[in-house]
Structures are given as C-alpha cells and as structure tokens.
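Student: pasting the sequence and the predicted model now:
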Amino acid sequence: MLEEVLLDFANIPAEPSDVRSTCVKCQRPSSVCWCGSLPKPRLCPKSRIILLQHPAEEKRCLRTAPMLHFGLSDGKCLVYKGKRFPGKHQGLEDILTEKNTILLYPSPAAVDLKTVVGSDINTTFNLVIIDGTWPQAKAIYASNPILHKIRQVKLLTNSVSNYIIRTQPTEGCLSTLETATEALTLLENDEIYRKLLDPLRTLCEFQLQNGAVSHQSKEFLIKNKKYPKLIGKRLNKVLNSAEIFSVEDSLKD
C-alpha cells in the first residue's frame, strides 16, 4: 500500500498541465487576448502622445494604455513611468519644453483643445496625458513644476465611455485610451483614430461573457438613488465639477 502511494506522488507532474498560454504582447490569456482587434496597420498620426504614467498603473490588469501604445506606430505613443519628471528619462525634458507640446489637464488656465486645433491647423503636437487615477494625476501635476509651464488644454466632449466594466465617477469620464482617441480625432481631423477603441470593446465583451457586469457611473447611481455607499467629500467634489477629467479614472472603485 505504501509503495502504491509513493508511486502516485512520483507521477504528479512538476508543473500543472493545463496552464493557460499568455499573449506576449498584451500579457492576457490567449483565449481573451484583444490584440486581434488592434488597427492593421498600426495608425500613424502626425502628432505624438506622451503618457506620464503613475507606477501604480502597471499593477492594473485591465489597463487601456497598452492598447494605445500597440495601436499606434512606433514612436507615436511614448510612455514614461514615474512620479517625478523628467527624472531619469532621457530626452523627456526636451519634449516637455518644445513649443508644440501641450498638456491635457483641466487646470483653470486650460483652454478647449478645439480652439488650439483651429488656431494651429498645420501644427503637429506632442500631447502629454497623465495616466493614473485623478488623485494620482493631481499629485504628479503638483510635484512637477515643469508641467506648469506647458500650454494646457482640456477635452470637452459628450462622448460616453466604452469602458463599461469599470465604474466611472461621472458620465463624462473617459479612459486614457478614449481620451487620447478623442484628442487625436480632433488634432488629425480624421475619424480613423476611433479604430483605436476596438480592443477596448473586445476586452469588455470578453469580460461580460465571463461573469463581469455592465457598470453605471457613480453619478448615475447617485442620481437614481442606487449608490450603495455614503458619498464622501472627494466624490462629492468630483460630481459637482463641470470639468471632464483626462485620466484613467477619477477615483478608484
């Protein structure tokens, strides 16, 4: 009997035989990979997207920044990770100080992106977007004086987020991918950039098919008396603001 038990243990494989394969690009299980929905060929705008990404974003499994990075041609979406910039990033300071660099951030000095496009119709831009939650974006902006010197713009749009598997604070909040897509559509005057949203739709479809549910914004739930928690000061301030934030989420779920 003992010999049979030991023999059974000896036959146990060192690694599980049913480990799911992972896509080397998006790092998701191959069965729910969204890479097949990326634009083909990759889109090549005249302008560039510069993402200043908070380190915590790397830990999120449902990020949209990689969709933007892989949907655009090489060199058209540059990602710099950190809390203080330019820091150790070679060449970033040169980009941030160029005359055609604009920062998408809803400061009091920010102007509608549409007015910038209208006045500089032949200009190509370096569009800087802070990638993180709203508190993280505010912290990055506050601790980086170099950002205060950049011409600041805001995105005014009626678009509703396609990121329906995450709870947004307000009806107007967009993911990083959606924000960049809206901005590129304006800057390049071309609807083709909406193809960048296809991987996000694919991701949401996969998640919904595997148990996720469609989320309404916190603003919608509160207005319809369906929000299950007490409203804190920070959330109340966000809901009372008329600005549309250009970050992944204004608040964590």
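Tutor: That came in fine, so what should we check first?
Student: any idea how far residue 54 is from residue 89?
Tutor: According to Cβ to Cβ, to the nearest Å, residue 54 stands 14 Å off from residue 89. From N, CA and C alone the C-beta is placed, and that goes for glycine too.
Student: all helices of this protein, in order?
Tutor: Here the chain has its helices, by DSSP state H, at 2-10, 65-71, 92-96, 113-119, 134-142, 145-148, 176-188, 198-209, 218-223, 233-239.
Student: and the third one, what other elements does it pack with?
Tutor: So that's helix 92-96. Applying 3 or more Cβ pairs under 8 Å, 6 or more residues apart in numbering; DSSP states H and E, we find helix 92-96 packed against strand 48-53, helix 145-148.
Student: same for the shortest one, what does it pack against?
Tutor: Just to be clear, that refers to helix 145-148. On a contact count with 3+ Cβ pairs under 8 Å, 6+ apart, helix 145-148 meets helix 92-96, helix 134-142.
Student: shaky segments in the stretch 1-150 of the chain?
Tutor: Applying pLDDT under 70 to the stretch 1-150 of the chain flags the ranges 1-19, 121.
Student: so which of residue 54 and residue 89 has more stuff around it?
Tutor: Using other Cβ atoms under 10 Å as the criterion, residue 54 and residue 89 rank with residue 54 on top: 20 against 15.
Student: from what I can see the more buried one touches residue 135, true?
Tutor: No: here residue 54 does not reach residue 135: they are 9.6 Å apart, not a contact under Cβ atoms under 8 Å.
Student: want to throw the helices and strands packed on helix 145-148 into JSON lines with distance to residue 35 and mean neighbour count?
Tutor: Compiled in JSON lines, the helices and strands packed on helix 145-148 are given as follows (distance: least, Cβ to Cβ, whole Å; neighbours: other Cβ atoms under 10 Å):
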{"stretch": "helix 92-96", "distance to residue 35": "28", "mean neighbour count": "16"}
{"stretch": "helix 134-142", "distance to residue 35": "27", "mean neighbour count": "18"}
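Student: to residue 160, which of those helices lies closest?
Tutor: Among the helices and strands packed on helix 145-148, the nearest to residue 160 by Cβ to Cβ is helix 134-142 (18.4 Å).
Student: buried residues in stretch 37-52?
Tutor: By 16 or more other Cβ atoms under 10 Å, the buried positions in stretch 37-52 come out as 37, 38, 39, 43, 45, 47, 48, 49, 50, 51, 52.
Student: quick check: end-to-end length of it?
Tutor: Start-to-end span of stretch 37-52 (Cα to Cα, to the nearest Å) is 25 Å.
Student: likewise for stretch 183-203?
Tutor: First residue to last in stretch 183-203 (Cα to Cα) measures 22 Å.
Student: neighbours of residue 81, how many?
Tutor: For residue 81, using other Cβ under 10 Å, the count is 16.
Student: these two touch, right, it and residue 65?
Tutor: No: judged on Cβ under 8 Å, residue 81 makes no contact with residue 65 at a distance of 10.2 Å.
Student: compile the helices of the chain into a markdown table and extend it with columns for distance to residue 59.
Tutor: A markdown table is the format used below for these (distance: least, Cβ to Cβ, whole Å):
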| stretch | distance to residue 59 |
| --- | --- |
| helix 2-10 | 37 |
| helix 65-71 | 13 |
| helix 92-96 | 23 |
| helix 113-119 | 30 |
| helix 134-142 | 12 |
| helix 145-148 | 24 |
| helix 176-188 | 15 |
| helix 198-209 | 17 |
| helix 218-223 | 22 |
| helix 233-239 | 21 |
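Student: between those, which one is closest to residue 103.
Tutor: helix 145-148 (5.9 Å).
Student: returning to that earlier point: so can I have a markdown table of the helices and strands packed on helix 145-148 showing distance to residue 70?
Tutor: Shown next, in a markdown table, are those (distance: least, Cβ to Cβ, whole Å):
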| stretch | distance to residue 70 |
| --- | --- |
| helix 92-96 | 21 |
| helix 134-142 | 23 |
